[in-house]
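A.B. asks: Predicted structure and sequence below. I'll ask about it afterward.
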Amino acid sequence: PRLFRSVTGGENNPKAITYIPNSLEKYGDSVLTSLYCATRLVIYTSPIVLPVALRRGWFTLEGGIIISKFLFGLCLVGLISLFSRSIGRYSNPSYSTFIEVLTAAKKDYNSITKDVLKRYDFHFSAWPVDFDVRDVERIRDRIELEKKSSSLFSLTDFLAKILTNTFGISLVYPGSMGLMGMLLEAPLTEGRSKLSLEFKGSRNKIRTRDDNYIDSMYINQSSKENGETLVICCEGNAGFYELGIMTTSLAAGYSTLGWNHPGFSGSTGSPFPSEERNAADAVMQFAIHRLGYQPADIIVMGWSIGGYTATWLAMNYPEIKGLILDATFDHLEPLATPRMPQFMSGIVSHAVNHYINLDVAGNLSKYPGPLTIVRRLRDEMITTSMLELDTNRGNHLLMKMFETRYPNLISTESKSSLYSVLSQPIQSIEVDLRSQEQCFQTYLQNNSDYPCLIGDTMTDDEKTLMLLYLARLYLKDVDTSHCTPLPVSLLTVPWDPRSVSWEYMDKPNSEDSNL
């Protein structure tokens, strides 16, 4: 395996040292990396390359002979480079020491050998497995949304499959592209070093039920005020735990568990919805069975497309302490279709609905617990019209949550009015809502139903005001763009109507006053 860094010094004064390969290893590695990049580039562009190759006669007998000779030459160069790299590594004393440590850990993997092994940062494929979800004796039955059926002999379905399995999934999850992983190799390595050295983080390899291996990082901050609560971080479509939203959770003093999507960095597989769900479930099982947390002590936070796995976890573990959705959307289709050429809209819509069906709102409708939705006022990614707040798909996510949790408050008039209100920052609206607070409090004191049936006798105007009151409790606006780190002050236990102190309207928080 490739070695990146090693740690020297004692526990109180650790120092990361970058591994320096010798000339043989450097030559072999550069050639193999170039071949890998070329191969991935051909795969990504195959829908364009294959028709061109067909027109130029590359698939004739003569063309096949030429291509075979070319591929044979590449294989020969690859074998020579592989041999050069291997000789270079085994002749390097630093690498030989690392191999001895790795071999000892694989032979008898325990806390002692892991403590020695974690002083090295190397290609994650060689890391021993820390947790296998299949070893858990009993895993709860999972809730899944109903799948959309498709025609077996549909041309649109055939083209949608090709689109999805060539470059489509990479467009939705660009972090899964090997080329991006290579470009970000240095900052990812630096990020892991920081988490390991400054925060005493523990890297873990988690095996899923579909045989993928998930790269994760756990940081225990139980000595801090919020440290008894674990935050599980679900990253965006180009996010990695090394550089992602873990920083906000750590700054807020929570114990934190970050993980990389299948196909991202050290994680294997591809980020198709089924593999995403299996990865998230394995991470949760790791937190429960290996780290010792109960779901009631866990907050799940999802940023951007990470809202899909975050809501899936909330749907299947409804007893969690809370769910935070930051800059996420209701469904992928309204965002994906406008970003592709018009002539492909039907194929893209079919591909998204059947093969990359990220129904965040559908998952959220199955979760009844504490919730915070963070909306970025200058979000350029989840708006269908650039920087126009009324087109932010978080508005639709909030509305669909209201339709599930407070169905009697929803009417054509109240929906239209609330959408109009959501076109501006929610806290900028100067309306006295104390009577709505009193009404809601009185209702909860006398009713414990779910969904909450308040509003059956209200007028449309009264329903709108009650929705506005609830929106100010569930929705937190922050005046930033999509990729700006979330302010630490917003990472608090989400609002729960059953445990609220009912002082919200009298004592607005700092975020409200700033906005």
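C.D. replies: In hand now; what should we look at? Predicted model, so just to flag it, every value in this text is computed and none were measured.

A.B. asks: Quick one: end-to-end distance for stretch 262-269.
C.D. replies: Using C-alpha to C-alpha, to the nearest Å, the end-to-end distance of stretch 262-269 comes to 5 Å.

A.B. asks: what are the ranges of the strands in this structure?
C.D. replies: Here the chain has its strands, by DSSP state E, at 3-8, 15-18, 120-122, 131-132, 202-207, 213-219, 230-234, 255-259, 298-303, 322-326, 371-376, 475-478.

A.B. asks: Please export the C-alpha coordinates of the fifth one as PDB.
C.D. replies: As requested, the backbone C-alpha atoms of strand 202-207 are provided in PDB (Å, rounded to 0.1, in the frame of the first residue of the first chain):
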ATOM      1  CA  SER A 202      -9.400   7.400  15.800                       C
ATOM      2  CA  ARG A 203      -9.700   6.200  12.200                       C
ATOM      3  CA  ASN A 204     -11.900   3.100  11.700                       C
ATOM      4  CA  LYS A 205     -12.700   0.800   8.800                       C
ATOM      5  CA  ILE A 206     -16.400  -0.300   8.800                       C
ATOM      6  CA  ARG A 207     -17.700  -3.100   6.700                       C
END
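
A.B. asks: Pull the residues that contact it.
C.D. replies: Counting by C-beta atoms under 8 Å, 6 or more residues apart in numbering, the neighbours of strand 202-207 from elsewhere in the structure are 118, 124, 127-134, 192, 196, 213-220, 259, 266, 279, 282-283, 286, 290. In short, each C-beta sits where N, CA and C put it, glycine included.

A.B. asks: so for it, what's the average pLDDT?
C.D. replies: Taken as a whole, strand 202-207 carries a mean pLDDT of 97.

A.B. asks: The shortest one now?
C.D. replies: The average pLDDT within strand 131-132 is 96.

A.B. asks: Next: the last one.
C.D. replies: Strand 475-478 carries an average pLDDT of 96.

A.B. asks: Parallel or antiparallel, list what pairs with that strand.
C.D. replies: Taking DSSP bridges as the criterion, strand 475-478 pairs within the sheet with strand 371-376 (parallel).

A.B. asks: quick one: the partner strand to strand 298-303, angle?
C.D. replies: Orientation of strand 371-376 against strand 298-303 (axes from the mean of the first three to the mean of the last three C-alpha atoms, to 10 degrees) gives an angle of 20 degrees.

A.B. asks: and the angle for strand 371-376 with strand 322-326?
C.D. replies: Note on geometry: by the same axes, to 10 degrees, strand 371-376 and strand 322-326 are set 10 degrees apart in direction.

A.B. asks: Low-confidence bits of the stretch 1-150 of the chain, can you list those?
C.D. replies: Applying pLDDT under 70 to the stretch 1-150 of the chain picks out residues 137-139, 149-150.

A.B. asks: on that earlier part again, could you flag which of the contacts of strand 202-207 are buried?
C.D. replies: Among those, those classed as buried by neighbour count (16 or more other C-beta atoms under 10 Å) are 118, 124, 127, 130-133, 192, 196, 213-220, 259, 266, 279, 282-283, 286.

A.B. asks: For residue 13, see how far away the residue nearest to residue 369 when sequence neighbours are not counted is.
C.D. replies: Leaving out its chain neighbours, the residue that sits closest to residue 369 by C-beta to C-beta, 6 or more residues apart in numbering is residue 318, at 5.5 Å. With distances taken as C-beta to C-beta, to the nearest Å, residue 318 is found 45 Å from residue 13.
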